[in-house]
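Asks: sequence first, predicted coordinates after that:
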Amino acid sequence: MVVDMTTASFFLLALLHILTGIDGQHHHNSANMPAPSFGSTMENITVINGRDASFTCVVLNIGPHRVAWIKADDKGILAMHDRVLTNNARLSVLHSDLHTWTLHIRDVHRSDRGVYMCQINSDPMLSQTASLEVVVPPDILNEEGGGEVLIPEGGMARLSCKAKGFPQPRVTWRREDGQDIVIRSGALQKQRVSIFEGEVLTFHKITRSEMGAYLCIASNNVPPSVSRRIVVNVHFYPIIQVHNQLVGGPLGSNITLDCMVEASPKPINYWARESGEIIIPNDKYRMEELDVNTYTTRLRLHLKLSSNADEGGYKCCSKNSIGDSEGTITLQKGWRRKNRLGGGLTTTTRAGLKSWTASMTLTVLRWR
């Protein structure tokens with residue numbers, strides 16, 4: 001960096017002469033003394049904002065001369081020899097031995113960055129410079145909306161995360177659960193990435209599979225990196241899947257009815273008879289709900305087939321603020337017969353077995 005120091009140098013030399021009593025006769029008497037020189041080169045410094053920084057200037061054969069510190073960017077004189085001249089309580093100077101002068105800056109600010117000069121009032125004047133760079137760890141700016149986003153399925157979601165620091169932080173996104181992020185650039189084009197880079201992460205035609213927590217991470221190689229967690233909640237009405245619509249067993253057997261519910265927000269789930277009568281947990285009926293993921297729940301109804309009155313339809317019901325849904329399972333008393341297709345045991349009645357066989361045959365034909 002080239003800095004025009006002409007004005008400051010003349011002013012500094014004149015001031016040094018006044019303060020130290022150096023005149024032409026004095027210079028004449030010391031003409032035979034070795035000329036001052038620098039014993040080492042000042043080093044550039046990079047420091048984190050808020051830390052301390054020090055410049056060291058080694059001068060040989062200082063003789064009657066004096067050392068000054070100058071902020072080269074604004075030509076401000078900071079100190080002369082061991083005296084601070086600027087009105088900055090964070091600056092101090094130290095003359096530790098015959099050859100070493102140190103400029104110390106406490107609690108460095110971004111405004112302190114720039115070029116610093118160590119100058120000797122010799123004739124000709126001698127000086128050397130070094131730069132101070134102040135880096136700032138990343139910080140994520142507060143955005144409106146908090147840490148949660150609500151969006152209907154099929155809609156568009158826009159996650160924003162802006163960061164400040166020096167150098168300018170790099171912002172990346174990843175899913176908290178480690179799954180890939182789905183990026184859609186068009187109606188049919190989509191790609192999966194483990195990490196997305198950019199301040200804004202946009203979801204087009206969002207689906208329930210993209211629900212979850214996303215981490216915005218800001219880093220600029222100045223520790224520590226920082227992150228912000230944003231939870232994406234995709235809302236949709238309940239969808240119920242019943243894998244076995246016909247279940248049976250002999251009188252006295254324990255039966256389990258099973259269905260899967262996908263819904264968001266979290267729904268209210270219950271069981272009812274086909275007549276609409278809601279089933280209450282008691283000694284005869286036991287219910288359980290098993291969370292599969294953030295939006296899928298497995299519902300089970302355990303009961304004992306004790307009489308003909310237990311036969312009939314059972315409804316698996318689910319309701320949330322978006323809508324409601326239900327699935328029906330038919331329970332019949334019967335006997336056990338080996339399932340030739342699966343090799344396991346299937347419980348059904350004669351009529352149910354005939355209907356089930358026809359259904360399975362039709363399914364096989366369709367797959368062919």
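Replies: Ah, there it is.

Asks: list the buried residues of stretch 74-81.
Replies: When burial is assessed from 16 or more other C-beta atoms under 10 Å, stretch 74-81 yields the following buried residues: 75, 77, 78, 79, 80, 81. (C-beta placed from N, C-alpha, C; glycine too.)

Asks: next step: those restricted to strands.
Replies: The strands, defined by DSSP state E, take in 77, 78, 79, 80 from the buried residues of stretch 74-81.

Asks: the first one and residue 90, how far apart?
Replies: It refers to residue 77. Between residue 77 and residue 90 the computed distance is 16 Å (C-beta to C-beta, to the nearest Å).

Asks: now the ones in strands among the buried residues of stretch 74-81 in JSON lines, with distance to residue 38 and pLDDT?
Replies: As requested, these are exported to JSON lines (distance: C-beta to C-beta, whole Å; pLDDT from 0 to 100):
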{"residue": "77", "distance to residue 38": "19", "pLDDT": "93"}
{"residue": "78", "distance to residue 38": "18", "pLDDT": "96"}
{"residue": "79", "distance to residue 38": "17", "pLDDT": "95"}
{"residue": "80", "distance to residue 38": "17", "pLDDT": "92"}
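
Asks: show me which of these is closest to residue 276.
Replies: Each of those was checked against residue 276 using C-beta to C-beta; the closest is residue 78, at 87.3 Å.

Asks: residues touching the closest one, list them.
Replies: Each residue near residue 78 by C-beta atoms under 8 Å, 6 or more residues apart in numbering is listed here: 68, 69, 70, 71, 84, 85, 86, 88, 91, 103, 116.

Asks: do you know how far it is from residue 159?
Replies: For residue 78 relative to residue 159 (C-beta to C-beta), the value is 47 Å.

Asks: can you show me the strands along the stretch 1-150 of the chain?
Replies: Using DSSP state E, counting those that start in this stretch, the strands of the stretch 1-150 of the chain run over residues 37-38, 45-48, 53-60, 67-71, 76-80, 83-84, 91-95, 100-105, 114-120, 126-140, 148-152.

Asks: what's the mean pLDDT across the third one?
Replies: Along strand 53-60, the predicted local confidence has a mean pLDDT of 96.

Asks: which helices and strands does that strand pack with?
Replies: If you count contacts as 3 or more C-beta pairs under 8 Å, 6 or more residues apart in numbering; DSSP states H and E, strand 53-60 packs onto strand 37-38, strand 45-48, strand 67-71, strand 100-105, strand 114-120, strand 126-140.

Asks: which of those sits most buried?
Replies: strand 67-71 (a mean of 24; mean count of other C-beta atoms under 10 Å).

Asks: who does that strand pair with, and is each partner parallel or antiparallel?
Replies: Its sheet considered, strand 67-71 pairs with strand 76-80 (antiparallel), strand 114-120 (antiparallel) by DSSP bridges.

Asks: circling back: farthest pair within the ones in strands among the buried residues of stretch 74-81?
Replies: Pairwise distances across those peak at 8.8 Å for 78 and 80 (criterion: C-beta to C-beta).

Asks: need the overlap of contacts for those two.
Replies: 68, 69.

Asks: how about the helices of this structure, start to end?
Replies: 6-20, 24-29, 350-367 (DSSP state H).

Asks: spatially nearest residue to residue 131, not counting backbone neighbours?
Replies: With sequence-adjacent residues excluded and distances taken as C-beta to C-beta, 6 or more residues apart in numbering, residue 131 is closest to residue 44, at 4.8 Å.

Asks: quick one: residue 86 and residue 74 touch, right?
Replies: No: with contacts counted by C-beta atoms under 8 Å, residue 86 stays clear of residue 74, the gap being 10.6 Å.

Asks: one step back: closest to residue 173 out of the buried residues of stretch 74-81?
Replies: After measuring those against residue 173 - C-beta to C-beta - the closest member comes out as residue 78, at 44.9 Å.

Asks: setting aside sequence neighbours, what's the nearest residue to that closest one?
Replies: Leaving aside its sequence neighbours, residue 78 sits nearest to residue 69 (C-beta to C-beta, 6+ apart; 4.4 Å).

Asks: so how far is residue 243 from that neighbour?
Replies: Relative to residue 243, and taking C-beta to C-beta, residue 69 is found at 81 Å.

Asks: dump the buried residues of stretch 74-81 into TSV; add distance to residue 170 as well.
Replies: Formatted as TSV, those follow (distance: C-beta to C-beta, whole Å):
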residue	distance to residue 170
75	36
77	40
78	35
79	39
80	44
81	45
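
Asks: for these, which one is nearest residue 63?
Replies: Distances from residue 63 to the buried residues of stretch 74-81, taken by C-beta to C-beta, are shortest for residue 81, at 13.0 Å.

Asks: surely the closest one and residue 69 touch.
Replies: No: using C-beta under 8 Å, residue 81 is not in contact with residue 69, being 9.5 Å away.

Asks: tell me the residues that contact both of the two, please.
Replies: Contacts common to residue 81 and residue 69, judged by C-beta under 8 Å, 6+ apart, are 93, 101.

Asks: with distance to residue 318 added, can I get the strands paired with strand 67-71 in a markdown table?
Replies: Formatted as a markdown table, these follow (distance: least, C-beta to C-beta, whole Å):
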| stretch | distance to residue 318 |
| --- | --- |
| strand 76-80 | 73 |
| strand 114-120 | 66 |
